[in-house]
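Peer 1: Have a look at this prediction, sequence included:
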Amino acid sequence: QPQLVESGGGLVQPGGSLRLSCAASGFTLDYYAIGWFRQAPGKEREGVSCISSSRRSTMYADSVKGRFTISRDNAKNTVYLQMNSLQPEDTAVYYCKAVHLLVPSKIYWGQGTQVTVSS
């Protein structure tokens with residue numbers, strides 16, 4: 001069964017770093033664009049970053065530019081989100097989403113991983 005599984009979340013102090021992973025099983029990520037989203041308590045889910053299937057194009061929300069880096073390793077069927085200089089406002093559940101390049105209705109979501117930034 002196709003699924004995405006996020007990992008790497010946890011508790012970190014302000015200024016710290018985490019690397020999130022989004023691993024696919026049951027399908028290959030080669031033809032999927034991948035996005036990272038986050039949802040803080042009481043807030044709507046928001047886009048954080050995305051990367052094209054070819055890795056040639058990446059985008060970041062203004063709030064994370066210069067601090068977060070998205071990358072993908074198609075050989076490992078995994079996408080990463082390196083998060084540096086974390087701040088309390090980055091606290092949220094982080095989700096990854098895969099959208100097929102040619103069949104946009106083919107979408108997969110992960111179950112989410114909690115990131116908590118607190119001293």
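Peer 2: Yep, that arrived.
Peer 1: Show the pLDDT at P104.
Peer 2: Looking at P104, its pLDDT reads 88.
Peer 1: burial measure for it, as a count.
Peer 2: 9 (other C-beta atoms under 10 Å). Every C-beta, even on glycine, is put in place using the N, C-alpha and C of the backbone.
Peer 1: what's the answer for R38, then?
Peer 2: Count around R38 with other C-beta under 10 Å applied: 24.
Peer 1: what's the neighbour count on the residue lying closest to it once chain neighbours are set aside?
Peer 2: Leaving aside its sequence neighbours, R38 sits nearest to A92 (C-beta to C-beta, 6 or more residues apart in numbering; 3.8 Å). Per other C-beta under 10 Å, the neighbour tally for A92 reads 22.
Peer 1: got it, and the one 5 residues further on?
Peer 2: Neighbours of K97 under the rule other C-beta under 10 Å: 19.
Peer 1: average pLDDT for stretch 112-119?
Peer 2: 97.
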